[in-house]
Structures are given as C-alpha cells and as structure tokens.
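Novice: What follows is a predicted protein model with its sequence.
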Amino acid sequence: MDSFFAASKVLWFLAVPSNLLVILAVLGLVLMAFRRRGLGTGLIVTAVAGWLVFGFSPAALHILSPLEERFPLFKDDGTPVTGIIMLGGAEKPDIGNARGVPTFGEAGERPIAFAALSRRYPDARLAFVGGSGRLFPEGDAIEAHMIRMSLPDLGIPQARVVFEEKSRNTAENAELAKALLQPRPGERWLLVTSAWHMPRAMGCFRKAGFDVVAYPVDFQTMGPDRLDQPFSRAADGLDTTDMGTREWMGLVAYYLSGKTSALFPAP
C-alpha cells in the first residue's frame, strides 16, 4: 500500500478538528482521574471552547471561503469542449449497494452538472474518475459503481462514458485520468468537482501535465461578503470546519510531497 495514502488517512483521522476536540476532552478526563486537575481542566475547557467556536460561529465559513473563491464559475466563450471529467467524491457506495439505488452526499451537484454538460456538449467525451478513498475498500464499494447505476436517471448513455476506477486520491485522479484519456495539445477538457476542492484538483492535474478548465460546483458558502452568519447546529459548523481544514492540510501535504504544481493553485 502506498505509504503517502495510508499515512494521510491515519493522520487525518487524528487531526480532523471534530475528532481532535474529542481526543482533547477524553485526555482531559483521564488526566483529572490521575489527579492532574489543572492540565486536565485546561484540555476540557479548550475542547468545549473549540466546539462552541467552530460549531456555532462563522469561523468555519472563513476557513472554507478562500478555497471556493479561488477559481471562478465557468463561462462558455464558444470554444469547443473536447471532454468533461467528473471527479468522484459525491457517492455513498455502501448505502447505495445496500439499498440498491444510487446514493449521493452533499456533493450531489457533481453528477447534476455532469449530466447538464453532457447535453450542452453532445459531442464531448465523458469521463468519470474515482475509485475508493478507503484504506480497505470492499467489493463494488467504489464511486464509479454508483455513477453507473445513475446514468439512466441522468439521461446519459453508458456507452458514452469511460470510467477510471483505481484512483484513491486527487493526485491519482489526475495521473490515471491522463493515462486513460491521452489528452492532446490544444484540446479543452472541463474538470467538474466541488469548488472547495478545485484548487488541489487543478494543482494535481497541472502537475500531471493534463491541462483542464475548472468547472466548480457544490458551493458551501454564499460568497466572501456573506460570511457572518452563525450555524444553528454545531454539527453543521464542525462538518464545514473539517471540510475546509482537510483541504488546507491537503494543499500543504500535496505541495511538500511534490503532488501539486503550487501551494495554492490559482487560475
């Protein structure tokens, strides 16, 4: 197993803010049980303060917003489109396989945009790129399987779509997509993924030598001038914090390991 991939999964589990706050609280309780009340109380207070700040305040929106604003919405200038690539990540294969129906999470805008673009550009090649981001994937619990199940509902003939099913992270998405699609100089490929994920995705595709045009979807913020609204549920704020923190950490890790072309890729 690739050491970078395995390490990223383990370290992220420990570093994700919502998990880290729980770890701090539990460690605080353990220290108090061993009569280290001062340090234990400090850790518990820190954890509770973190839950309040990142759960209810707009802090999470400020973490996520710069990522979403990095690449603008796509504007059709009439230039022919060679192909459309959708990255996996919206799918919930375990639930979908258990229920026998396609199942998607918050990033469901990705397949919607993919279907819309397939109709707007009927001659464009279509590609879905994504295997499984799990350490130990099982059977057909891969993202591509959900898309195959969804194609009739999306109105896309299955024969029109090519699938890359082995990539486990964004860097592999780019490398294996290039190997599969063999893009030529001068071609125009649109890359569909979540706006907050677009900087890292663009950096990986550029590093792989695959020139793509950003088509961001799945926005989680209303814009840089509307970041002052608190969350009504702590779970929502913590989810957004986790999402943004993961991307910033991913940008740094990918850049330091040579998997992206820049620390914070720009248009």
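Specialist: Nice, thanks for sending it over.
Novice: Run through the strands of the stretch 1-150 of the chain in chain order.
Specialist: Per DSSP state E, counting those that start in this stretch, the stretch 1-150 of the chain carries strands over the ranges 83-87, 125-129.
Novice: Select, out of those, the one closest to residue 93.
Specialist: strand 125-129 (13.1 Å; Cβ to Cβ). Heads up, the C-betas are built off the backbone N, CA and C, glycines and all.
Novice: Adjacent strands (with direction) for that closest one?
Specialist: Using DSSP bridges, the strands paired with strand 125-129 are strand 83-87 (parallel), strand 161-164 (parallel).
Novice: Tabulate these (JSON lines), appending mean pLDDT and mean neighbour count.
Specialist: Converted to JSON lines, the strands paired with strand 125-129 look like this (pLDDT from 0 to 100; neighbours: other Cβ atoms under 10 Å):
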{"stretch": "strand 83-87", "mean pLDDT": "97", "mean neighbour count": "26"}
{"stretch": "strand 161-164", "mean pLDDT": "96", "mean neighbour count": "20"}
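Novice: Give me the neighbour count for residue 159.
Specialist: 7 (other Cβ atoms under 10 Å).
Novice: residue ranges of the helices in the stretch 101-250 of the chain, please?
Specialist: Using DSSP state H, counting those that start in this stretch, the helices of the stretch 101-250 of the chain run over residues 109-120, 143-154, 170-181, 198-207, 234-256.
Novice: what's the most buried one of those helices?
Specialist: helix 198-207 (a mean of 25; mean count of other Cβ atoms under 10 Å).
Novice: That helix packs against which elements?
Specialist: helix 59-69, helix 170-181, strand 189-194, strand 212-217, helix 234-256 (3 or more Cβ pairs under 8 Å, 6 or more residues apart in numbering; DSSP states H and E).
Novice: For the closest residue to residue 44 other than its chain neighbours, give me its contacts.
Specialist: Spatial nearest neighbour of residue 44, excluding adjacent residues (Cβ to Cβ, 6 or more residues apart in numbering): residue 28 at 3.8 Å. Counting by Cβ atoms under 8 Å, 6 or more residues apart in numbering, residue 28 makes contact with 39, 40, 41, 42, 43, 44, 46, 47.
Novice: give the contact list for the closest residue to the last one other than its chain neighbours.
Specialist: What it means is residue 47. Closest residue to residue 47 apart from its sequence neighbours, by Cβ to Cβ, 6+ apart: residue 25 at 3.9 Å. Shown in contact with residue 25 (Cβ under 8 Å, 6+ apart): 43, 44, 47, 48.
Novice: So the most centrally placed residue in the chain versus residue 37, what's the distance?
Specialist: In the chain, the C-alpha nearest the mean C-alpha coordinate belongs to residue 197, at 4.9 Å (Cα atoms, centre = their mean). As judged by Cβ to Cβ, to the nearest Å, residue 197 and residue 37 stand 43 Å apart.
Novice: low-confidence ranges in this structure?
Specialist: Scanning the chain for pLDDT under 70 picks out 1-9, 132-141.
Novice: which residue of it sits farthest from its center?
Specialist: Relative to the chain centroid, the chain (Cα atoms, centre = their mean) has residue 35 farthest, 42.6 Å.
Novice: Check the spacing between it and residue 41 real quick.
Specialist: Counting by Cβ to Cβ - residue 35 and residue 41 are separated by 12 Å.
Novice: Skipping its backbone neighbours, what lies nearest residue 69 in space?
Specialist: residue 224 (5.8 Å).
Novice: Compute the number of surrounding residues for the one you found.
Specialist: Counted with other Cβ under 10 Å, the neighbours of residue 224 add up to 12.
Novice: surely it meets residue 65?
Specialist: Yes - with contact defined as Cβ atoms under 8 Å, residue 224 reaches residue 65; the gap is 5.7 Å.
Novice: give me every residue that touches the residue lying closest to residue 235 once chain neighbours are set aside.
Specialist: Excluding the flanking residues, the one nearest residue 235 by Cβ to Cβ, 6+ apart is residue 55, at 7.4 Å. Listed by Cβ under 8 Å, 6+ apart, the contact set of residue 55 reads 231, 233, 234, 235, 237, 238.
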